[in-house]
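Colleague: Output the structure for:
(4 chains)
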2 protein chains.
Amino acid sequence: MTLHQLECFVLVARLGSVRQAAERLGISVSAVSQAVAGLRHELDDALYVRSGNGIALTPGGGRLAARAVEILGLTQQARQEVREQRSVSVLRVIVGVRVAEAAGALLEAFAARNPHVEPELTVEPVALVAELLRDRRADVALGAAPGEGCDGQAFLRYQLVAVVGRDHRWAGERTLGPGQLARLPWLTGPFGLESATPEARFLRRHDLSPTVLTYPSQAAALDAAAAGHGLAWAVGHSVRRRLERGELTALRAPPLDGLWHAVTLAGESASAPARALQRFATTPLATQAVLGQARGLPPGRYRPAVHVTLWRGAGA
Amino acid sequence: MTLHQLECFVLVARLGSVRQAAERLGISVSAVSQAVAGLRHELDDALYVRSGNGIALTPGGGRLAARAVEILGLTQQARQEVREQRSVSVLRVIVGVRVAEAAGALLEAFAARNPHVEPELTVEPVALVAELLRDRRADVALGAAPGEGCDGQAFLRYQLVAVVGRDHRWAGERTLGPGQLARLPWLTGPFGLESATPEARFLRRHDLSPTVLTYPSQAAALDAAAAGHGLAWAVGHSVRRRLERGELTALRAPPLDGLWHAVTLAGESASAPARALQRFATTPLATQAVLGQARGLPPGRYRPAVHVTLWRGAGA
DNA sequence: TGGACTGTGAAGGTTTTGCTTCACACCTGT
DNA sequence: ACAGGTGTGAAGCAAAACCTTCACAGTCCA
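Modeller: Sure thing, here's the model as predicted:
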C-alpha cells in the first residue's frame, strides 16, 4: 500500500470512473488501473466491480476509500503543520471520559503559561491509555494509574458520588447498601462501565452486575440520571452546584475514592513539555483550575473534531 | 513523502536513535538516515538534531511523528477493515453540533433496520459540512441546508428557544426584544457561534454582537446556562423535560425556526446506503427517534474517539 | 588524546515503481 | 451484429526507490 496507490483509488472512487481519474491525474487509464490492482491484490478485495457504464464500489472498497481520504488528509495536514509554527511543540494528552471535563481547564491553564506548547486532548477508553502511551500515540496520560514502564505523578484525589434525579424514590431517604445500588440501572458515558474505574472495582468487590446503559457523553448520562432513568457516578466537586440547585440528589451511600495521575513514559523517553505538564499538574494552580467551575472560553479556542462510531457487533 | 519513510521516522522518534531503528527494521543505519533525509528535504525541517549520544526531535519533528503514527495506524486499520466484514458498508454521516444529539438516535434506528450498513457519525463545524460532502469525506450530512451539487431532503422542523437558569432575573418576566437578548453572554458549543445557524442569522438581521462564550460541548453550554452564566439557544423538544423540571427557563422571546435536511451528493454520486438514510430520515419512525428522549443503549454500542484540540492562534 | 560510538552523505548496484503502448474482454445502445 | 465506450493485463522501458559499503564528522568517555 503506497500513498500513490491510495491517491489513485480515492480519485477513482470519487469520480466513479477509472478513465476520469486517469484524465484528472494526467496519466493513462492503464496506469491508474494498475495502481488499484496493487491495492486489490494486497487487500484481497475487488474494491469495485464494473457496473454498466462505470464502476460500483464494494463494501470493502467503500471502507478503503473512506480511510484513504483520511490518510491523505492527514499527510496534507502533517506537511502543513510542520511548515507552520516551527517553534511550537505539540503535546498529545489522552484522558478517560471522566477526566475529560477537568482536563480542559487544566490544559488551558498550562497552555497559558507555556506559550511554546500546544496541547492536544484526546479521549480514549481507560483500558487503552497505557498502551497508547507506550506506542507513542500520546505524550501524557491524565487519570489512569501508571502502568509499567511509565512514570506517574498523583495530582488529585477525588470522590465519586452516586447521583439520581431529584424526585427519585430513594433520594436522601436512607443509607443504601451495595446490593441496593445495583438494583438501579447504571448510566455511563460512551465507553460503558470501564473496568479500571473505582465503580467497576466496587462492583467486582461485591460481585454485583447492574444493568448498564451507555450515553454518548458523560453529560448526557448525568442528564438521564437527573431525568430519573437511573444512577450515575459523578466526580463530587464537578456536580456540587447541580446538587445544590437540586437538579441531582446524592444517594446516601459510601462514596468511592479515586486518585488521578499524570503519567508519562519513564526516564529519557518523555519529552520536555510532557514532563512540564506532569509537574504543572501537581501545582496549586492546576488544582484550582480542575476544581473550578467550568468556564466559557472566548470563541476560537476549541477546534474539536468529535468522532463517534456507532458500532455494531459482539459486545466488547 | 512515502509510508516507508514515515515508518522509518516514527521508529527513530520512538526509539530516540537511528541505530536502534535500523536494527529493529533489519536494515543499515544509512538506509534509515536516508529515508529520513527524504522527509527532511521535502518538509524543509531538520526533524531532529543530534544531541549528545542520540537525537532530540525538533517541534516540527514532534508534530510529524504524531501525525505519522496516526497515518500508519489508519493504514493498519484500513487493511483490517477491508479484510473483515466484507458485507457491511460503512456510511459516513456528518452533522453540526446541534444535530449531533438527535442524530445518534436517528442512526440507531436506521442501523437497526439496515443491518448491512454501519453508520459512522462525525461532528464538524456547520460551515465545513458542504465542503466535506463534496470532497467525499462523508456520505450524508444531517442538518445543513443543501448547497450546490447536493441533494437535500428536509426532515424536521424545529424551534430554537433561548434558555437561562431558573433563578435568572429575566426568567419569565416579560417579553424581551432582540437588543435585550444580546445583552446577556451567549453560551455556545465548541465551535462558537456558527454563521449558518438561525441564531447567527438573527444577530445579523438585528446587527447585534453579544459576548460569546464557548464550551467544550453543547451539554456543557446548557449546564452553564442553568448555572446562570448566560443565555443558550436550545432545540425546543430536546430541553422540554429540563424546562418542565425547572432546571432551565425559556425566555419570553420569539423562538427561531429551523429546518434540518438530510443531504447527499446529487445524482449518481450518492451511494445506495446514503440514499436509504436520506429516505429513512423523512419517515415517521425517524421523526419519532429524533423527538424521543435520549435513551441509554446497551454497552458496546458506542466506540467514540473524541478528539479535541485546544487551539492557539489568531481567532477564527 | 585516542578509541568507541553515532549519524550523514556519496557511490554503486539491484529491485521496484510507474508509465506507455498494445491487445483484449466486456457492456451498451443503435 | 456492430461500433464506441470502459476497464484489465502483458510487454517493455525509464526513473526512482532502496539497500549496502565506505569515508567522514561530530560526541562522549576513559
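Colleague: Next up, the contacts around A:Val69.
Modeller: Contacts for A:Val69 (CB atoms under 8 Å, 6 or more residues apart in numbering or on different chains) come out as A:10, B:135-137. Bear in mind the C-beta positions are built from the backbone N, C-alpha and C, glycine included.
Colleague: Is it in a helix, a strand, or coil?
Modeller: For A:Val69, the assignment made with DSSP: H, G, I helix; E, B strand; the rest coil gives helix.
Colleague: What's the separation between it and A:Ala162?
Modeller: According to CB to CB, to the nearest Å, A:Val69 and A:Ala162 sit 44 Å apart.
Colleague: cool, A:Ala78 as well?
Modeller: In terms of CB to CB, A:Ala78 sits 45 Å off from A:Ala162.
Colleague: same question, A:Arg113
Modeller: 36 Å.
Colleague: Neighbour count: these two, which is higher?
Modeller: Remark: of A:Arg113 and A:Ala162, A:Ala162 carries more neighbours, 24 against 11, as counted by other CB atoms under 10 Å in any protein chain shown.
Colleague: Please identify which helix or strand holds the more buried one.
Modeller: Using DSSP states H and E, A:Ala162 sits within strand A:150-165.
Colleague: So which elements touch that strand?
Modeller: helix A:126-134, helix A:218-226, strand A:232-235, helix A:236-244, strand A:248-250, strand A:256-265, helix A:272-281, helix A:284-291 (3 or more CB pairs under 8 Å, 6 or more residues apart in numbering or on different chains; DSSP states H and E).
Colleague: Least confident of the ones you listed, on average?
Modeller: Mean pLDDT is lowest for helix A:126-134 among these, at a mean of 80.
Colleague: Run the angle between that one and helix A:272-281 for me.
Modeller: 140 degrees (axes from the mean of the first three to the mean of the last three CA atoms, to 10 degrees).
Colleague: can you confirm A:Asp167 is in a helix?
Modeller: No: A:Asp167 is assigned coil when assessed by three-state DSSP, not a helix.
Colleague: re the thing from before, point out the least confident one among the contacts of A:Val69.
Modeller: Minimum pLDDT across those falls on B:Asp135, with 75.
Colleague: Tell me how far that residue lies from B:Thr2.
Modeller: From B:Asp135 to B:Thr2 the distance is 23 Å (CB to CB).
Colleague: next one: A:Leu57
Modeller: Taken as CB to CB, the span from A:Leu57 to B:Thr2 is 25 Å.
Colleague: what about the two, which has more around it?
Modeller: The residue with more neighbours, out of A:Leu57 and B:Thr2, is A:Leu57; 21 against 15, by other CB under 10 Å.
Colleague: Just give the nearest non-adjacent residue to the more buried one, would you?
Modeller: A:Tyr48 (4.9 Å; CB to CB, 6 or more residues apart in numbering or on different chains).
Colleague: Same check on A:Ala200?
Modeller: A:Leu193 is the one closest to A:Ala200 (CB to CB, 6+ apart), at 5.5 Å.
Colleague: so what's the backbone phi/psi at the one you found?
Modeller: phi -80, psi 100 (degrees, to the nearest 10).
Colleague: and the closest residue to DNA strand C within chain A, what is it in contact with?
Modeller: The minimum distance from chain A to DNA strand C, using CB to the nearest atom of the strand, falls at A:Ser28 (2.8 Å). Applying CB under 8 Å, 6+ apart, we find A:Ser28 in contact with A:Ala22.
Colleague: for A:Gly236, same thing?
Modeller: Residues in contact with A:Gly236 (CB under 8 Å, 6+ apart) are A:158-161, A:255.
Colleague: which of the residues you listed count as buried?
Modeller: A:158, A:160-161 (16 or more other CB atoms under 10 Å in any protein chain shown).
Colleague: Return the set of residues that bridge with the residue most central in space within chain A.
Modeller: Residue closest to the mean C-alpha point of chain A, counted by CA atoms, centre = their mean, is A:Val123 at 2.1 Å. Judged by DSSP bridges, the bridge partners of A:Val123 are A:Val95, B:Val306.
Colleague: shouldn't it be in contact with A:Arg98?
Modeller: No: contact criterion CB atoms under 8 Å: A:Val123 and A:Arg98 do not qualify, at 9.7 Å.
Colleague: Show me the shaky parts of chain A.
Modeller: Where chain A drops to pLDDT under 70, the residues are A:52-53, A:85, A:171-174, A:293-316.
Colleague: can you list the residues of it near DNA strand C?
Modeller: A:2, A:4-5, A:25-31, A:34-35, A:38, A:50, A:52-53 (CB under 7 Å from any atom of the strand).
Colleague: Now rank those by neighbours and give me the top one.
Modeller: A:Ala35 (24 neighbours).
Colleague: For the residue nearest to it when sequence neighbours are not counted, what is the enclosing helix or strand?
Modeller: Sequence neighbours aside, A:Cys8 is the residue nearest to A:Ala35 in space, at 3.9 Å (criterion: CB to CB, 6+ apart). Assigned by DSSP H and E, A:Cys8 falls within helix A:3-15.
Colleague: Can you list the buried residues in that helix?
Modeller: Applying 16+ other CB under 10 Å to helix A:3-15 flags A:3, A:5-15 as buried.
Colleague: So which residues make contact with whatever helix or strand comes next after that helix?
Modeller: Next helix or strand after helix A:3-15 toward the C-terminus (DSSP H and E): helix A:18-25. The contact list for helix A:18-25 (CB under 8 Å, 6+ apart) reads A:7-8, A:11-12, A:14-15, A:28-29, A:31-33, A:36, A:55.
Colleague: Repeat the analysis, applying 10 Å as the threshold.
Modeller: A:4, A:7-15, A:17, A:27-33, A:35-36, A:48, A:50, A:54-55 (CB atoms under 10 Å, 6 or more residues apart in numbering or on different chains).
Colleague: now for the next helix or strand after it, which elements pack on it?
Modeller: For helix A:18-25, the following helix or strand on the C-terminal side (DSSP H and E) is helix A:29-43. On a contact count with 3 or more CB pairs under 10 Å, 6 or more residues apart in numbering or on different chains; DSSP states H and E, helix A:29-43 meets helix A:3-15, helix A:18-25, helix A:59-83, helix B:59-83.
Colleague: do the helix or strand that helix A:29-43 is followed by and DNA strand D meet at all?
Modeller: Scanning forward in sequence from helix A:29-43 by DSSP H and E, the next helix or strand is strand A:48-51. Yes: counting by CB under 7 Å from any atom of the strand, DNA strand D is contacted by strand A:48-51 at A:48, A:50.
Colleague: Can you mark which positions in strand A:48-51 are buried?
Modeller: For strand A:48-51, by 16+ other CB under 10 Å, it's A:Tyr48.
Colleague: Quick one: name the residues of chain A near DNA strand D.
Modeller: Close to DNA strand D, as judged by CB under 7 Å from any atom of the strand, chain A has residues A:17-19, A:29-30, A:33-34, A:36-37, A:48, A:50, A:53-55.
Colleague: now with 10 Å?
Modeller: Listed as neighbours of DNA strand D in chain A under the rule CB under 10 Å from any atom of the strand: A:2, A:4, A:12, A:15-23, A:28-38, A:40-41, A:46-55.
Colleague: Isn't A:Leu133 up against A:Thr122?
Modeller: No: using CB atoms under 10 Å, A:Leu133 makes no contact with A:Thr122, being 11.5 Å away.
Colleague: Relative to DNA strand D, which residue of the stretch 201-316 of chain A is the closest?
Modeller: DNA strand D sits closest to A:Glu268 of the stretch 201-316 of chain A, with a gap of 12.5 Å, by CB to the nearest atom of the strand.
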